[in-house]
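A.B. asks: Give me a model of this one.
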Amino acid sequence: MDKTVQFDFRIIKQALLDWIHSKSPVENSLAEVFEEHRVGSNDRFRIRTKLYNLLRNDSDLVVKIRSLTGIQASRALESYIQSNQSSLDTHFGLKPTFEKDPRKHLVDIHGYQLFEGHLSDQEYQDIHECLHAQRSEPVVAVRVDKKMNRPDNPTVKDLLEKGFVEHSEIKNAYVANKKSGQVRVEQISKMPGVRFQDLSSQVVACAVNYFKPGKILDYCAGSGGKTFQIVDQAESPVEVVSFDVDFKRISKLSDGVKRLNLSQVKVLTKKENLNDLRGQFDHVLVDAPCSGMGTLRRHPDLIYRQTLAEVKRIQALQLQIVFEALSFLRPGGILTYATCTFRREENENVVESLLSQNTYKLKQANQYFQNSDVFRNQVGVRKYGMLLSPNNSHDPTRSQASGAWDGDCFYIAQLQLEQ
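C.D. replies: Have a look, this model is predicted:
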């Protein structure tokens, strides 16, 4: 075993053992080990890829070392890494429990049933597809500002030279024809007018802009990816109010609004500042906090950190948030509800609750799903809304309609407040 491989394994082993009994993301443990050993950027890239491949592809190992402590866990991990050193750079074969029964696969990992009640054949398929996607690296996607997206633009030329291709169905989106570990993130992040944004996340903003709203509330705006996209791609003048209670994330949005001089965007962080705006918006976007089970490719440790108590807490929070958001819609306005998970409790069940309550009279608004090229042939249709389900296609320009989608797993539903 050469020195580089030995070094990689030592870092991976320490990071895993630090993380395995914690409730924090594995990236936190990895970052601390990187700092401790003064690991350079190129080495970090390589080591992170190997570690994430391990987490993506061998839940059996993680479950095993979780049950051990101290020297036993260390020896088990060391034995595994040494016997599978070549596999850490590739993908493993499918596990029998995963292939035959994805529900049992989750139970084996968590020790409890992540899904309550009877699962339909469609739900089994959704679980299987999303867990299968967990085994591959995510495709890197970016969005280019509309005014810059021309063949003669130097930034676009640079993207193409770096292996990106323009997406065939999402305007101004580009995807890398490489695995994420091969894309030099620091180079792309310095390009003017280019922003990293997952394909499915971009579809959410496209769904909002489809209705050509004039006044929009981005109610869980976060760092503002969808706010910026909505403004950039709007076909007519828009006014956007962006709100989030996470001050750290919303600060990034505020900085971006100031830097880009976006006078049409107003950023708010306190709910009381929204009180006078109730009933005034043509469109309200709720990209709700969720379990994140649709982002397993980029967060492969997430599946090991989920708890049923946390999932139920999130479900209650989603309902609270979306009911609050409805009060800001004008009669005839549209609500877009989105999550990055495939769990029905966080998706269809929430929408069903909205449609069955008596405070607001709502109806489904499926025009975007019926007319968008992304949803040709109604692939991804659910009882309420649509599910973009990722897969392992190596052609990132293929469409959901042709049976392939390389964004995260996202659920999108749109409802209209009746006049």
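
A.B. asks: I'd like the distance between Leu362 and Phe328.
C.D. replies: 14 Å (C-beta to C-beta, to the nearest Å). (Glycine included, C-beta is placed from N, CA and C.)

A.B. asks: of the two, who's got more company?
C.D. replies: For Leu362 versus Phe328, neighbours defined as other C-beta atoms under 10 Å are more numerous around Phe328 (22 against 18).

A.B. asks: Let me see the contact set for Lys23.
C.D. replies: Arg305 (C-beta atoms under 8 Å, 6 or more residues apart in numbering).

A.B. asks: and it, helix, strand or coil?
C.D. replies: coil (DSSP: H, G, I helix; E, B strand; the rest coil).

A.B. asks: Now do it, the pLDDT please.
C.D. replies: pLDDT for Lys23: 76.

A.B. asks: How many residues are close by Leu302?
C.D. replies: Quick note: Leu302 (other C-beta under 10 Å) scores 18 neighbours.

A.B. asks: Spatially nearest residue to it (excluding sequence neighbours)?
C.D. replies: Leaving aside its sequence neighbours, Leu302 sits nearest to Gly292 (C-beta to C-beta, 6 or more residues apart in numbering; 5.6 Å).

A.B. asks: And Ser254, by the same measure?
C.D. replies: Using C-beta to C-beta, 6+ apart, the nearest residue to Ser254 is Val267, at 4.8 Å.

A.B. asks: Would you confirm that the one you found contacts Phe247?
C.D. replies: No. When contacts are counted by C-beta atoms under 8 Å, Val267 is not listed as touching Phe247 (10.9 Å).

A.B. asks: Pull out the buried positions in the longest strand anywhere in the chain.
C.D. replies: Counting residues, the longest strand in the chain under DSSP state E turns out to be strand 329-339. Burial within strand 329-339, assessed by neighbour count using 16 or more other C-beta atoms under 10 Å, is assigned to 329-330, 333-339.

A.B. asks: Residue ranges in the stretch 301-419 of the chain under the pLDDT threshold?
C.D. replies: 374-380, 390-405 (pLDDT under 70).

A.B. asks: Next: the stretch 101-250 of the chain.
C.D. replies: Checking the stretch 101-250 of the chain against pLDDT under 70 turns up 101-119, 122, 124-126, 128-130, 132-134, 178-183.

A.B. asks: Please enumerate the helices of it.
C.D. replies: Remark: helices assigned in the stretch 101-250 of the chain by DSSP state H, counting those that start in this stretch are 102-110, 121-133, 154-161, 185-189, 199-209, 225-233, 247-260.

A.B. asks: hmm, back to that, tell me the SS of the residue nearest to Ser254?
C.D. replies: Classified using three-state DSSP, Val267 is strand.

A.B. asks: Please list all residues in contact with it.
C.D. replies: 221, 241-243, 250, 253-254, 257.

A.B. asks: and with 7 Å instead?
C.D. replies: If you count contacts by C-beta atoms under 7 Å, 6 or more residues apart in numbering, Val267 has them with 242, 250, 253-254, 257.

A.B. asks: Check those residues and tell me the two furthest apart.
C.D. replies: Ile250 and Val257 (10.2 Å; C-beta to C-beta).

A.B. asks: what does the domain assignment say about the chain?
C.D. replies: 1-93, 199-417 (automatic domain parsing).

A.B. asks: What is the distance between the first one and the centre of its chain?
C.D. replies: The chain centroid and the centroid of domain 1-93 are separated by 24 Å under C-alpha atoms, centre = their mean, to the nearest Å.

A.B. asks: just to revisit the earlier point, reformat the domains of the chain as JSON lines; add distance to Leu160.
C.D. replies: Compiled in JSON lines, these are given as follows (distance: least, C-beta to C-beta, whole Å):
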{"stretch": "domain 1-93", "distance to Leu160": "23"}
{"stretch": "domain 199-417", "distance to Leu160": "13"}
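
A.B. asks: Tell me which of the ones you listed sits most buried.
C.D. replies: Mean neighbours per residue, mean count of other C-beta atoms under 10 Å, is largest over these for domain 199-417, with a mean of 19.

A.B. asks: Does the helix or strand that contains Gln318 pack against any helices or strands, and if so which?
C.D. replies: Gln318 belongs to helix 308-326 when elements are defined using DSSP states H and E. For helix 308-326, the elements it packs on are strand 281-287, strand 329-339, helix 348-356, judged by 3 or more C-beta pairs under 7 Å, 6 or more residues apart in numbering; DSSP states H and E.

A.B. asks: Give the pairing partners of the second one; include direction for each.
C.D. replies: Right, the one you point to is strand 329-339. According to DSSP bridges, strand 329-339 forms sheet pairs with strand 281-287 (parallel), strand 410-417 (antiparallel).

A.B. asks: will you turn these into a markdown table that also has distance to Ser29?
C.D. replies: As requested, these are exported to a markdown table (distance: least, C-beta to C-beta, whole Å):
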| stretch | distance to Ser29 |
| --- | --- |
| strand 281-287 | 28 |
| strand 410-417 | 28 |
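
A.B. asks: quick one on the thing from earlier: could you save the buried residues of strand 329-339 as TSV and add columns showing distance to Ile412?
C.D. replies: Listed next are those as TSV, based on distance: C-beta to C-beta, whole Å:
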residue	distance to Ile412
Leu329	17
Arg330	21
Gly333	17
Ile334	12
Leu335	11
Thr336	7
Tyr337	7
Ala338	5
Thr339	9
